[in-house]
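Asker: predicted model, plus sequence, below.
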Protein chains: 2
Amino acid sequence: MNTELLRNPIQTRERVTDARQSGFSVGLVPTMGDLHAGHGALIDCARRHDDFLAVSIFVNPIQFNVASDYEKYTRNLDRDFEFCRQRGVDLVFAPDARDMYPVPLKTHVDVSGLTDLLCGEFRPGHFRGVATVVAKLFHILPADRAYFGEKDAQQLAVIRRMVTDLNFPVKIVGVPTVRDSDGLALSSRNQRLSEAERAVAPRLFKALCAVRDHVAAGCKDAAQAKEAGLAVLAQESMIRVEYFEIVGADDIERREVIDGPVLAAAAIWLGETRLIDNVSVHG
Amino acid sequence: MNTELLRNPIQTRERVTDARQSGFSVGLVPTMGDLHAGHGALIDCARRHDDFLAVSIFVNPIQFNVASDYEKYTRNLDRDFEFCRQRGVDLVFAPDARDMYPVPLKTHVDVSGLTDLLCGEFRPGHFRGVATVVAKLFHILPADRAYFGEKDAQQLAVIRRMVTDLNFPVKIVGVPTVRDSDGLALSSRNQRLSEAERAVAPRLFKALCAVRDHVAAGCKDAAQAKEAGLAVLAQESMIRVEYFEIVGADDIERREVIDGPVLAAAAIWLGETRLIDNVSVHG
């Protein structure tokens, strides 16, 4: 089976619709490219559920709240296409920005409540841009299932809620975070780390695990559990903490008492690079 | 062919998807019920284009900015169902509010720019509610074409823009306004008019036609054309003008010079009843 590359939204919809009409179930993996083993896990998971596999590769300008972050985001379509081809992807949709936004956008999808904390607090407009482009992708590539990484837990919660609220005919599948052997969650941003920063980066996951261990040991108090995590980060002066929160996994609202499943989620800066991660905690 | 009545969104999507998979094209006429000959024209137009015809009947709470207006909106499903049955509609989707909003809504679709003037100015949140429910309906009833009346010109422009911006896989068809013999545009609100108010109501259309005639006679100045229309309304003291504007048909932005196709659009109050209407004007 060949991997097809399409840039035009209308042709892409026709191709996916043809696949569905031929009786294939369709899986969609939306990405911003610069693919790594984390995306590989999404593709592998999709392959297990669906017959026809589409990957979108689009660095979405409207979800970047800092223009320079958009500009420096790594683009390497040849490499990404080869990555998809080797994994048996059927269709790579890689539009230009003008294919996706041919006229100035006047319509936006907003998910409120779930976007007040975590990345939503520090990246104004980010999730509006994410929800809007994902709504577009769901219409261009009408899939049975769409696959998103649990590393971007708030994004996953926002998309799940959008799908429920707007009755999108797609099932959202969350896929566990893939980590390096030292625990660092895979991210295309990791390659921007200096050697010294890379050596320190696994401490983010260790801090989140410290929360989980603290709760497993019987602590129900979110403030105390959070202190246990922050103490792990405080040991390293290179780390600047942007946020460190214990929130409900679905509503992304702060919890004071941990009496059910929650997320410990954090964002840190190492030099110019921002890293995020989260772990599930069962109170 | 029998007319089917469904209330459940999931069953409804399955029914429409089955029709499409059977090779039928699907036409959707979204309504708030209380059906009249204006809706009849939408249904007749849909019948000419599409094989399988669905009508949704749902008084959408989130598009009413005044609660009492929502409460007093006429509901008569038996009568509306019979109206659809007689016109050969295949499926009537008539959900309860809890079918459409089973959990508090956190997601909204906003169309900016087009909603600053006309009804958007005087009914805050109205078009957000319209865009959001129409997005839901397009997912519940995945149609090839959806039919909307030109009487609600701003709504039509908002929905067209939403469909373009979010790549909805549906074609929007605008259907000309149906009028009584004296020119009054059909509306379920007309039945709320007293006899005296009903006698005065056609003056709204006359005023809009006065704009058209003024432009046809060579006037390019929007302010002058507007004065000609307002003069027609000023002759009747029962009429309170909410807005009277000359705007671009697609962008719903004010025009000072009429050098292309525009809309003359107005809203008036007669007692407790608000009426809207518009006419196309070619400069």
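Answerer: Yes, it's here. Numbering: from 1, shown residues only, chains lettered A, B, ... in the order given.
Asker: so A:D90 touches A:R47, yeah?
Answerer: No: using C-beta atoms under 8 Å, A:D90 makes no contact with A:R47, being 10.1 Å away. Yep, even glycine has a C-beta here, placed from its N, CA and C like the rest.
Asker: shared neighbours, the two?
Answerer: A:L53 (C-beta atoms under 8 Å, 6 or more residues apart in numbering or on different chains).
Asker: when the two are compared, which one has more neighbours?
Answerer: A:D90 (21 against 16; other C-beta atoms under 10 Å in any protein chain shown).
Asker: got the contact list for the more buried one?
Answerer: By C-beta under 8 Å, 6+ apart, the contact set of A:D90 is A:1, A:3-4, A:19, A:52-54.
Asker: from these, pick the one nearest chain B.
Answerer: A:A19 (13.5 Å; C-beta to the nearest C-beta).
Asker: which one is that closest one nearest to, not counting chain neighbours?
Answerer: Among residues not flanking A:A19 along the chain, A:F52 sits closest, at 4.1 Å (C-beta to C-beta, 6 or more residues apart in numbering or on different chains).
Asker: who is the one you found paired with across the strands?
Answerer: A:V26 (DSSP bridges).
Asker: okay, it: pLDDT?
Answerer: Note on A:F52: pLDDT of 98.
Asker: all strands for the stretch 151-283 of chain A, in order.
Answerer: A:171-175, A:239-248, A:261-270, A:273-282 (DSSP state E, counting those that start in this stretch).
Asker: of the ones you listed, which is nearest chain B?
Answerer: That would be strand A:171-175 among these, by C-beta to the nearest C-beta, at 12.4 Å.
Asker: so that closest one, near chain B or not?
Answerer: No: Strand A:171-175 is not in contact with chain B by C-beta under 8 Å from any C-beta of the partner chain; minimum separation 12.4 Å.
Asker: and if you look at stretch A:93-111?
Answerer: Yes: under the criterion of C-beta under 8 Å from any C-beta, chain B is reached by stretch A:93-111 at A:103, A:105-111.
Asker: output that stretch as PDB, nothing but the C-alphas.
Answerer: Output in PDB follows, covering the C-alpha atoms of stretch A:93-111 (Å, rounded to 0.1, in the frame of the first residue of the first chain):
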ATOM      1  CA  PHE A  93      -2.500  15.600   4.800                       C
ATOM      2  CA  ALA A  94       0.000  18.500   4.900                       C
ATOM      3  CA  PRO A  95      -1.700  21.700   3.900                       C
ATOM      4  CA  ASP A  96      -0.100  25.100   3.600                       C
ATOM      5  CA  ALA A  97      -1.400  27.800   5.900                       C
ATOM      6  CA  ARG A  98      -3.200  29.400   3.000                       C
ATOM      7  CA  ASP A  99      -5.000  26.100   2.300                       C
ATOM      8  CA  MET A 100      -6.300  26.100   5.800                       C
ATOM      9  CA  TYR A 101      -6.900  29.800   6.100                       C
ATOM     10  CA  PRO A 102      -7.600  31.100   2.600                       C
ATOM     11  CA  VAL A 103      -9.500  34.000   4.000                       C
ATOM     12  CA  PRO A 104      -9.100  35.800   7.400                       C
ATOM     13  CA  LEU A 105     -10.700  33.600   9.900                       C
ATOM     14  CA  LYS A 106     -13.900  35.000  11.600                       C
ATOM     15  CA  THR A 107     -15.100  31.800  13.200                       C
ATOM     16  CA  HIS A 108     -13.600  30.400  16.400                       C
ATOM     17  CA  VAL A 109     -14.400  27.500  18.700                       C
ATOM     18  CA  ASP A 110     -14.100  28.300  22.400                       C
ATOM     19  CA  VAL A 111     -14.100  25.800  25.200                       C
END
